[in-house]
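> coords please:
(one chain, ligands or ions: 2)
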Amino acid sequence: MTLAAATWVLIPVKARGAGKTRLAALLSAAERESLVEAMLEHVVDVTQAQVARIVIIGPERGGIAAHLERFEDPGGGLNAALEHGRRGIASRSDAPERLIVLPADLPCLVPDDVARLRDLAAGAVGIAPDRHGHGTNALSLPLPAAARFRFRFGPDSAALHRLEAEILRLSVVTITTPGLEKDIDEHSDLADAAHMFSPAS
Ligand SMILES: Nc1nc2c(ncn2[C@@H]2O[C@H](COP(=O)(O)OP(=O)(O)OP(=O)(O)O)[C@@H](O)[C@H]2O)c(=O)[nH]1
Ligand SMILES: O=C(O)[C@H](O)COP(=O)(O)O
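Ligands and ions are numbered 1, 2, ... in the order given. Model (predicted):
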């Protein structure tokens, strides 16, 4: 099996209207929602040809990415949602050998970023830190070796995710690229998403 055929991607997305609240002082609810949708569509477009399957975890959101398989969000936040998604995927008879967790807010993501997360040595965990080096913008988990890797998104998640890999005695590869570093959280990040806004807006 090729690495692409053996890899699935799990993309977490919040409910319509619930995302990017930290940008509320600068963007209206409608603008935030169209930014979320444009970024999600970008991440899906870039990822599609690189892997066997993409699964969305989150509530139905008005037809966006509707062609993809979707798991309902169990509630309880991002880590709980990802755990639920991984468990559902790992229990399949056609479960992948590698699962990449990719947030939907990476407007500069390019196909090679996904390939780098995908093409790791068997048994290695890939961690892509955010631009500050503290957060985690993507994780690449070998299955079933990392079936019990605890998701620890939140403050200092990059260090905590490294620790989780060490606990499972899995090697860690840190992947730092412009496309993976640039998630959109705060006003100062918005320049990296300028190409996601239509000229009229
Ligand atoms: N399904 C699901 N996705 C989530 C949850 N929390 C965050 N996400 C998604 O995870 C990715 C990264 O989340 P954040 O960077 O915190 O983005 P955000 O929550 O939209 O932004 P803020 O509201 O400003 O915190 C985005 O694609 C979010 O939609 C959750 O509880 N469930
Ligand atoms: O663990 C992290 O890196 C953060 O919780 C991810 O969220 P952020 O995109 O809000 O930094």
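> so how far is stretch 47-65 from its chain's centroid?
Remark: stretch 47-65 is offset 11 Å from the chain centroid, using Cα atoms, centre = their mean, to the nearest Å.
> that stretch and ligand 1 in contact?
Yes: using Cβ under 6 Å from any ligand atom, we find that stretch 47-65 touches ligand 1 at Ile57, Gly58. Placement of C-beta: from N, CA and C, glycine included.
> how about the residues of this protein near ligand 2?
So the chain meets ligand 2 at Asp130, Gly135, Thr136, Phe153, Gly154, Ser157, Asp183, Asp185 (Cβ under 6 Å from any ligand atom).
> do the strand or helix carrying Leu163 and ligand 1 meet?
Assigned by DSSP states H and E, Leu163 falls within helix 157-167. No: applying Cβ under 6 Å from any ligand atom, one finds helix 157-167 out of contact with ligand 1, separated by at least 10.7 Å.
> from here on, count from 55
Shifting the count to begin at 55 puts that one at helix 211-221.
> poorly predicted segments of the protein, please.
Residue ranges of the chain with pLDDT under 70: 253-255.
> the strands in the protein, which residues?
Assigned by DSSP state E, the chain shows strands spanning 61-66, 107-111, 123-125, 152-155, 179-183, 190-196, 226-228.
> what packs against the helix holding Leu217?
With contacts defined as 3 or more Cβ pairs under 8 Å, 6 or more residues apart in numbering; DSSP states H and E, the packing partners of helix 211-221 are strand 179-183, strand 190-196, strand 226-228.
> again, 6 Å this time
strand 179-183, strand 190-196 (3 or more Cβ pairs under 6 Å, 6 or more residues apart in numbering; DSSP states H and E).
> pull that helix out as PDB, backbone CA atoms only.
This file holds the C-alpha atoms of helix 211-221, laid out as PDB (Å, rounded to 0.1, in the frame of the first residue of the first chain):
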ATOM      1  CA  SER A 211       0.200  21.900  23.400                       C
ATOM      2  CA  ALA A 212       3.400  21.400  21.300                       C
ATOM      3  CA  ALA A 213       5.500  20.400  24.300                       C
ATOM      4  CA  LEU A 214       2.600  18.400  25.800                       C
ATOM      5  CA  HIS A 215       2.100  16.500  22.500                       C
ATOM      6  CA  ARG A 216       5.900  15.700  22.400                       C
ATOM      7  CA  LEU A 217       5.600  14.300  25.900                       C
ATOM      8  CA  GLU A 218       2.600  12.100  24.900                       C
ATOM      9  CA  ALA A 219       4.700  10.600  22.100                       C
ATOM     10  CA  GLU A 220       7.600  10.000  24.600                       C
ATOM     11  CA  ILE A 221       5.200   8.300  27.000                       C
END
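> against His121, how distant is the closest residue to Ala92 other than its chain neighbours?
Closest residue in space to Ala92, ignoring its immediate chain neighbours: Met250 at 4.2 Å, by Cβ to Cβ, 6 or more residues apart in numbering. Look at Met250 and His121: by Cβ to Cβ, to the nearest Å, they are 20 Å apart.
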